[in-house]
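no sequence for this one, just the structure:
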């Protein structure tokens, strides 16, 4: 085990790299062919221009909307009409920026009256086209509902509006000496409302769970236009159905979240990062088991040699150690006391003795921990230049080794010339499969070939009773594959639930299911 050099680290920053929307939208390459067309060419003929105008007039004259709250220019329609996916051309009819729950309610009621579909919009960092308005919808952006409200110290809870940026909430928690643990690369641009819509996860799930675990209460406007206050921040509330959990992960198909009561946590102390080199994937799992048995981990990430080769080639990250291995594990844990550090070293030596780990490095400062995190967090941006075909899937941790073997067999048997790049949150069973485009293929031909193998990939997911979407929701891109993770009976129940909250089908129509 070596320690990280003192000379390389940059200035200290959070132990992950922030990606802001404007940067990622330029860099991101999505999982299917880019069928984008001009907004002016999009098919919006089924949307009534007079109905749209009636809604805009009513919002201005009756509900106090000013000019800054309504946008219909082409640049705004394109910008707010899409997320990070490139599957569908954005073609909304208008962008609305409510400033209160009551203004959201007015929009929903008017949309019901005039039969206009609404697309809720947060930070638009999703990868499943859940926030894309491609058929003349009116986009409801929560950008102006971005206030942090009352803080309850005894409850470790804060009330926030749905448009608050994830990083903004993290910073507020830090100012109170607390911690909001849901964390991912897009935290600098994603919004709390959007995180709730997809039940966002990220790099700390192994310790802290998904967004769902941190939501104590919601204020929502249903698809019918009713305002509901769900759970009101209570920890104990045994008074029937907890409707809050229906809205978490519903992708805006039941209504619009406007306010949130968020639980905060004690801040972790003295986070330490280790990067370990491993030659067999089974050994990663044995290493995970060894560390988890004795230390409470805050993260356990993995990436393969393809990923680290691409990242190191940019020259922005230092090689962790001289030995090159097939796989790498990044482990993070709290180490406020010397005995914990001693225990970590003992576990590392045990893994070395058993031949599971070939080499390793451990951080000695926050700056060094940040540098080691870059090996993992720079992967997505780095491989974007190789036009990756992405899949975000999950299975039980116990199934991960066999699952990866089966997926590689499927891809290699169909397209042996394709390069596969694996990385992900191995500690919670979430894997990111990236197939990199050969230089000899056009993007169109490459995506067409990848799409033909999609069913085979998701058949493997189904075999292990996994999920076709671990973090980014279903939206429109995963909609054709939902049946690989949900039975037809389950889907019928989902439809029935939507009918209760959104009987006229105006909320994010075409997302999740048709």
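Structure received. Bear in mind that the values here come from a model prediction, so they are computed numbers and not experimental data.

which residues touch stretch 389-400?
Stretch 389-400 is touched from outside by 29-31, 127, 281, 285, 288, 403, 426-435, 437, 446-447, 450, 454, 457, 461, 464-472, with contacts defined as Cβ atoms under 8 Å, 6 or more residues apart in numbering. No exception for glycine: its C-beta is placed from N, CA and C like everyone else's.

now the helices: where do they sit in the stretch 301-450 of the chain?
Ranges of helices within the stretch 301-450 of the chain are 305-313, 338-353, 366-377, 379-383, 400-414, 443-463, based on DSSP state H, counting those that start in this stretch.

returning to that earlier point: so which of the contacts of stretch 389-400 belong to strands?
In strands, defined here by DSSP state E, the members of those are 430-435.

rebuild these as a markdown table, extending it with neighbour count, pLDDT and distance to residue 390.
Converted to a markdown table, these look like this (neighbours: other Cβ atoms under 10 Å; pLDDT from 0 to 100; distance: Cβ to Cβ, whole Å):
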| residue | neighbour count | pLDDT | distance to residue 390 |
| --- | --- | --- | --- |
| 430 | 24 | 94 | 13 |
| 431 | 22 | 94 | 11 |
| 432 | 22 | 93 | 7 |
| 433 | 21 | 92 | 7 |
| 434 | 26 | 92 | 6 |
| 435 | 24 | 92 | 8 |
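
out of those, the closest to residue 304 would be?
Ranked by distance to residue 304 (Cβ to Cβ), those are led by residue 434 at 9.9 Å.

tell me what that closest one is bridged to.
Here residue 434 shows beta-bridge partners residue 390, residue 421, assigned using DSSP bridges.

was I right to think it contacts residue 420?
Yes - if you go by Cβ atoms under 8 Å, residue 434 and residue 420 touch, sitting 7.1 Å apart.

how much space between residue 436 and residue 357?
To residue 357, residue 436 is 27 Å away according to Cβ to Cβ, to the nearest Å.

who has more neighbours out of those two?
Using other Cβ atoms under 10 Å, the more surrounded residue of residue 436 and residue 357 is residue 357, with 26 against 18.

just the pLDDT for the more buried one.
As predicted, residue 357 sits at a pLDDT of 98.

that one contacts residue 347, doesn't it?
No - using Cβ under 8 Å, residue 357 is not in contact with residue 347, being 9.7 Å away.

follow-up on the earlier one: make a markdown table from the helices of the stretch 301-450 of the chain and add distance to residue 62, mean neighbour count and mean pLDDT to it.
Compiled in a markdown table, the helices of the stretch 301-450 of the chain are given as follows (distance: least, Cβ to Cβ, whole Å; neighbours: other Cβ atoms under 10 Å; pLDDT from 0 to 100):
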| stretch | distance to residue 62 | mean neighbour count | mean pLDDT |
| --- | --- | --- | --- |
| helix 305-313 | 54 | 19 | 96 |
| helix 338-353 | 61 | 15 | 96 |
| helix 366-377 | 47 | 22 | 95 |
| helix 379-383 | 45 | 22 | 91 |
| helix 400-414 | 55 | 17 | 90 |
| helix 443-463 | 47 | 17 | 90 |
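
of all these, which lies closest to residue 89?
helix 443-463 (15.9 Å).

what does the closest one rub up against?
By Cβ under 8 Å, 6+ apart, helix 443-463 touches 31-34, 387, 389, 391, 393, 395, 403, 406-407, 410-411, 414-415, 433, 435, 437-438, 441, 467-468, 481, 484-485.

quick one: it to chain centroid distance?
21 Å (Cα atoms, centre = their mean, to the nearest Å).

tell me which helix or strand comes right after that helix.
helix 488-501 (DSSP states H and E).

follow-up on the earlier one: can you list the helices of the stretch 301-450 of the chain in JSON lines and add distance to residue 254?
Formatted as JSON lines, the helices of the stretch 301-450 of the chain follow (distance: least, Cβ to Cβ, whole Å):
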{"stretch": "helix 305-313", "distance to residue 254": "37"}
{"stretch": "helix 338-353", "distance to residue 254": "44"}
{"stretch": "helix 366-377", "distance to residue 254": "33"}
{"stretch": "helix 379-383", "distance to residue 254": "30"}
{"stretch": "helix 400-414", "distance to residue 254": "32"}
{"stretch": "helix 443-463", "distance to residue 254": "25"}
